[in-house]
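Student: fold the following and give me the result.
(chains A and B)
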Amino acid sequence: GAVVSQHPSWVICKSGTSVKIECRSLDFQATTMFWYRQFPKQSLMLMATSNEGSKATYEQGVEKDKFLINHASLTLSTLTVTSAHPEDSSFYICSARDAGEGTDTQYFGPGTRLTVL
Amino acid sequence: EDKVVQSPLSLVVHEGDTVTLNCSYEVTNFRSLLWYKQEKKAPTFLFMLTSSGIEKKSGRLSSILDKKELFSILNITATQTGDSAVYLCATDAGNNRKLIWGLGTSLAVNP
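Tutor: Numbers count the residues shown, from 1 in each chain, chains lettered A, B, ... in the order given. Purely as a prediction, here's the structure:
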């Protein structure tokens, strides 16, 4: 199956700093990537839809100035958590849509666990 | 409002049992229904269903979609402790192609 990587896997940072998370589709091109957040024992919550070459579409209640998304190429999207605070601590997961012929499935990266002290 | 409902929310069985997980949906512009398995990390893809009545199988797991009654089931036969996970159902609907997620079914398989 298609492979999606995320970097870093785990990050601990001080309050007020910014953290960048990368999401890469390794063996397919992804015109659309999705960023999710998941708190313990809760379901996935979609934060935004990232489209290559255009602005991301944010879900209601997600601050676009705080969660900056850049999708500069067909294989890379980045999420930057700016001025992180302890309440931003969560598991951030990206998925990439493989729209190749006969597929059209979303594959998830392994996730990034962010802890803000 | 689009929604996906999974049942049961939680299930505990013994090794060797067969389980059936349910997923019903109400979405506009339905394209496909997807099943994922989530253990400690991110979800891993299991099945994508687009057509009614066609069973998809992978080892002990199988799934089928009923587009008339708007539901899908995921079957796991001869369960093993390694099947313990949260099973997530999602539908792909709408022009922006975002997934609508159910809350998941937490399955625990005891030895």
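
Student: all contacts plus neighbour counts: C-alpha atoms, from now on.
Tutor: OK.

Student: local confidence estimate at whichever residue of chain B sits closest to chain A?
Tutor: Among the residues of chain B, residue B:42 lies nearest to chain A; the distance is 5.0 Å by C-alpha to the nearest C-alpha. Residue B:42 is assigned 87 on the pLDDT scale.

Student: which secondary element of the chain has the worst mean pLDDT?
Tutor: Since you didn't name a chain, this refers to chain A. Among the helical and strand segments of chain A, the one scoring lowest on mean pLDDT, DSSP states H and E is strand A:105-108, with a mean of 85.

Student: correction: the question concerned chain B.
Tutor: That would be, for chain B by mean pLDDT, DSSP H and E, strand B:99-101 at a mean of 87.

Student: other SSEs contacting that one?
Tutor: strand B:3-7, strand B:85-93 (3 or more C-alpha pairs under 8 Å, 6 or more residues apart in numbering or on different chains; DSSP states H and E).

Student: neighbouring strands - and their directions - for it?
Tutor: When pairs are called by DSSP bridges, strand B:99-101 turns out to pair with strand B:85-93 (antiparallel).

Student: picking up where we left off before, immediately after the least confident helix or strand of chain A, which helix or strand?
Tutor: Next in sequence after strand A:105-108, counting helices and strands by DSSP states H and E, comes strand A:112-116.

Student: so what are the sheet partners of that following strand and their directions?
Tutor: Applying DSSP bridges to the sheet, strand A:112-116 is found paired with strand A:10-13 (parallel), strand A:90-98 (antiparallel).

Student: what sits up against the longest one?
Tutor: What it means is strand A:90-98. A:2, A:4, A:6, A:23, A:25, A:28-40, A:104-115, B:42 (C-alpha atoms under 8 Å, 6 or more residues apart in numbering or on different chains).

Student: buried set for stretch B:63-73?
Tutor: Using 16 or more other C-alpha atoms under 10 Å in any protein chain shown as the burial criterion, the residues of stretch B:63-73 that qualify are B:63-67, B:71-73.

Student: quick one on the thing from earlier: in a helix, the residue of chain B closest to chain A, correct?
Tutor: No: secondary structure of residue B:42 (DSSP: H, G, I helix; E, B strand; the rest coil): coil, not part of a helix.
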